[in-house]
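In: have a look at this fold, sequence not included:
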């Protein structure tokens, strides 16, 4: 019983922490997705939101430095994503919601895969940035 | 979901009717009231709005926007949060009561009377907001604005009325609706047992036709703890790419998703979704059946009190006086009849950045002298008596000298730095330099004689070129007013510390003119920005003298690269504008953001083949004109737009 209570409390706390200071709906076009395949340049594990930066081509095939917004540390930790989960140089495949602003290389994380070892995030319970 | 401001307005008036006039017709005998205790931990009740939801783009329901407010909201991008200067900013003050995480209200008492001297309001994404209950006045208009503003409170019956001024520009709620930095917020807080009702009245004369009223409900919650959200921002832009100066925004008409939310919330009339004073009152319902047109709808009027133009002008008053504002470390800001002068005052003397207009020189120098005396020659309390006190020579206590003789005068004015050749920056050069002293002695022969031993005047060499050459309407400046030490590189360092710190003069190429500088006091952490930054007008760009909008924006970006916020995007490095109130990184970022948006809008109109007159007619500055524009005077909005146009046409 105690563990159930703690789980609920953890979810509530995580929920409070992840609620965006900015509006996702206003920042990102939630009706579209963009797929980024490239090399991880930076993993910023922090609050209020973590960021993954990836060098990947844009729709014209030009390499860009993409900034992908992820969850805060509490939510990622609860999902088993630790600070050392990703390393610079990892080849990753990211699906995200693109920015509403034309020309911005920014996205909201929907899913992340690392083909080299099968690491995935996104789709399971609690693995959504909302 | 209830979002119409009219509901808030109704609650507001109902609340006041209950608490402000409790005796009313009941003829109860008046008796002293003890204000209720509002301190404690409070939990937000989501009765008025589902604040856990993500507000969609284009939801302006209940906001009495004017056209400028609507344009500002339509063109602002939520991605602005990703810029380095805004990543850690707290929620804007009007939104705090609707933010998640609860509220904590603390009280600080006067130790003598035990009355509440100050309330402190805290939220999850806030700084501490003190509410002073001791009748202190609000700061002058040239004092800085902060995220939380400056709040004073008073009890009206059982309701605490809080008035907050000096707020930074922000937003009414997430997702688009913005505020200017000229809004005043009034809160009415009433406790009914365990319920706290907060009515907020946001009066923004720049973006609203009348105040925006909201009510929010909290419940006491002894078991809750207000969360503290940490913020670990970095200097990279979260918006992707590699341009840390990127300013996200929508060009007018480009934000095509404003009505998307109405596809699901199809009960909302499209017109009401756009806000506006005629849509926020119950009378609006009569337009839905077509019995009254919106144009003919009559609604209550509640205009702002006072002129916003006068309030903006008060940040840089042209009152013939000199006003002093201590800034940080050695540095002081002197507001001298519409122009800011920066002074470094310390043991090694005085350094002035600019000398104001000629007519103000005597008052300015008197103020600087008084300042130097008070800083450096202030009477010291006798802390030791006898012959063994620190600093004593011989038999007498050094403090005896303080009693029996006047203190030594401060060291004189040694440096003047001119940030441009603008008459309002150099007007006092001759008198000020003559009143000062710069030791240039020994071994340099006649060259020394020709310079004399007056204060050194430092400027970019293009300032000297302009001052020493007569122009159409401007005679050459007298020799004694000319810069004595010029530089031509990207910066000029004073060769040694002055008043214990490095002072660096940076060139701002092709900004207002081709000779602009700004000055960085590296230990005091103050930047004197000169004319590239103003809080009372658009930048004055003189194309004929080499100025450009690109240069002004580049200079502001340079300032932002040097400056560091103290905490959560405010304070830290202070920035003294050429005109207007004392500012920080967030204020400079806001000004930079505005100019970048205007540049991009004009550039887009040029790309469409518009002429300068067509560009002016398109009103690309409309959402900022109420704050920074002018239709009369030496620098009108039309002149500014034309300068931007020419900058972009001629200097691609």
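Out: Thanks, I have it. The structure displayed is predicted, hence computed values, not measured ones.

In: how about the residues of chain A by chain B?
Out: A:16-17, A:19-27, A:29, A:31, A:42, A:44, A:46-48, A:51, A:53, A:64-67, A:69, A:99-102, A:104-107, A:130 (CB under 8 Å from any CB of the partner chain). In short, each C-beta sits where N, CA and C put it, glycine included.

In: residues near the nearest residue to residue B:257 once chain neighbours are set aside, how many?
Out: Leaving aside its chain neighbours, residue B:257 sits nearest to residue B:57 (5.1 Å; criterion: CB to CB, 6 or more residues apart in numbering or on different chains). Neighbourhood size, residue B:57 [other CB atoms under 10 Å in any protein chain shown]: 24.

In: how close does residue B:57 get to residue A:25?
Out: 7 Å (CB to CB, to the nearest Å).

In: any shared contact partners between these two?
Out: Counting by CB atoms under 8 Å, 6 or more residues apart in numbering or on different chains, the residues touching both residue B:57 and residue A:25 are B:175, B:261.

In: next, the buried residues of the helix or strand containing residue A:64.
Out: Here residue A:64, judged by DSSP states H and E, is contained in strand A:63-69. Across strand A:63-69, burial judged by 16 or more other CB atoms under 10 Å in any protein chain shown covers A:64, A:65, A:66, A:67, A:68, A:69.

In: go on, stretch B:622-640?
Out: Taking 16+ other CB under 10 Å as the criterion, stretch B:622-640 shows B:622-630, B:635, B:637, B:639-640 as buried.

In: cool, and stretch B:354-362?
Out: For stretch B:354-362, by 16+ other CB under 10 Å, it's B:354, B:355, B:356, B:357, B:358, B:360, B:361.

In: contact partners of that stretch?
Out: Here stretch B:354-362 has contacts from B:320, B:322, B:334, B:336-342, B:364, B:416-419, B:423-429, B:431-432, B:528, B:530, B:578, using CB under 8 Å, 6+ apart.

In: tell me where the model's unsure across the stretch 101-250 of chain B.
Out: B:235-236 (pLDDT under 70).

In: which parts of it sit against chain A?
Out: So far as CB under 8 Å from any CB goes, the stretch 101-250 of chain B lies against chain A at B:101, B:124-125, B:174-176, B:227, B:229-232, B:234, B:236-242, B:246, B:248-250.

In: now the buried members of those.
Out: Judged by 16+ other CB under 10 Å, buried ones among these: B:101, B:124-125, B:174-176, B:229, B:231, B:236-241, B:246, B:248-250.

In: pLDDT below threshold where in chain A?
Out: Across chain A (using pLDDT under 70), the flagged ranges come out as A:1-21.

In: strands of that one, start to end?
Out: Assigned strands in chain A, in chain order: A:34-44, A:51-57, A:63-69, A:91-98, A:106-114, A:119-121 (criterion: DSSP state E).

In: need these in TSV with distance to residue B:81, can you?
Out: Below are the strands of chain A laid out as TSV (distance: least, CB to CB, whole Å):
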stretch	distance to residue B:81
strand A:34-44	15
strand A:51-57	12
strand A:63-69	10
strand A:91-98	15
strand A:106-114	11
strand A:119-121	23
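
In: out of those strands, nearest to residue B:270?
Out: For residue B:270, the closest of the strands of chain A is strand A:91-98, at 25.4 Å, according to CB to CB.

In: report the buried residues of the closest one.
Out: For strand A:91-98, by 16+ other CB under 10 Å, it's A:92, A:93, A:94, A:95, A:96, A:97, A:98.

In: columns distance to residue A:36 on top of these, output as TSV?
Out: Output for the buried residues of strand A:91-98, formatted as TSV (distance: CB to CB, whole Å):
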residue	distance to residue A:36
A:92	8
A:93	7
A:94	4
A:95	8
A:96	7
A:97	12
A:98	10
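
In: what's across from the nearest residue to residue B:94 once chain neighbours are set aside in the sheet?
Out: Leaving out its chain neighbours, the residue that sits closest to residue B:94 by CB to CB, 6+ apart is residue B:202, at 4.9 Å. Beta bridges link residue B:202 to residue B:185, residue B:212 when assigned by DSSP bridges.

In: and the gap between residue B:202 and residue B:57?
Out: Applying CB to CB to residue B:202 and residue B:57 gives a distance of 21 Å.

In: cool, and residue B:388?
Out: Distance from residue B:388 to residue B:57, by CB to CB: 75 Å.

In: same question for residue B:149.
Out: Applying CB to CB, the value for residue B:149 to residue B:57 is 27 Å.

In: now tell me what touches the helix or strand hosting residue B:640 from outside.
Out: Secondary structure from DSSP H and E places residue B:640 in helix B:637-650. Contact partners of helix B:637-650, identified using CB under 8 Å, 6+ apart, comprise B:538-539, B:541-543, B:547-550, B:598-599, B:602-603, B:606, B:612, B:615-616, B:620-621, B:625, B:629-631.

In: just the closest residue of chain B to chain A, please.
Out: Going by CB to the nearest CB, chain A is nearest to residue B:240 of chain B, at 3.0 Å.

In: next, find the distance separating residue B:484 from residue B:313.
Out: 35 Å.

In: repeat for residue A:70
Out: From residue A:70 across to residue B:313, the span is 47 Å (CB to CB).

In: one more: residue B:245?
Out: Look at residue B:245 and residue B:313: by CB to CB, they are 30 Å apart.

In: measure the residue nearest to residue B:338 when sequence neighbours are not counted to residue B:510 for me?
Out: Excluding the flanking residues, the one nearest residue B:338 by CB to CB, 6+ apart is residue B:318, at 4.3 Å. Here residue B:318 is placed at a distance of 29 Å from residue B:510 (CB to CB).

In: retrieve the pLDDT associated with the residue nearest to residue B:257.
Out: pLDDT recorded at residue B:57 is 89.

In: residues from chain B in reach of chain A?
Out: B:52, B:54-57, B:77-79, B:81-82, B:91, B:100-101, B:124-125, B:174-176, B:227, B:229-232, B:234, B:236-242, B:246, B:248-250, B:254-255, B:257, B:260-261.

In: same thing but at 6 Å, please
Out: Proximity of chain B to chain A (CB under 6 Å from any CB of the partner chain) is limited to residues B:54-57, B:77-79, B:81, B:100, B:125, B:174-175, B:227, B:229-230, B:232, B:238-242, B:248.

In: leaving out sequence neighbours, find the closest residue to residue 67.
Out: Using chain A here. Nearest-residue entry for residue A:67: residue B:240, 4.0 Å, with adjacent residues in sequence omitted and distances by CB to CB, 6+ apart.

In: ah, I was thinking of chain B
Out: Counting by CB to CB, 6+ apart, the residue nearest residue B:67 is residue B:622, at 7.0 Å.

In: state the pLDDT value of the one you found.
Out: According to the model, residue B:622 scores 98 on pLDDT.

In: over to it: give its phi and psi.
Out: phi -50, psi -40 (degrees, to the nearest 10).

In: state the distance from it to residue B:72.
Out: From residue B:622 to residue B:72 the distance is 9 Å (CB to CB).

In: any common contacting residues for these two?
Out: Any residue near both residue B:622 and residue B:72 by CB atoms under 6 Å, 6 or more residues apart in numbering or on different chains counts here, and not one turns up.

In: circling back: now the helix holding residue B:640: average pLDDT?
Out: 97.
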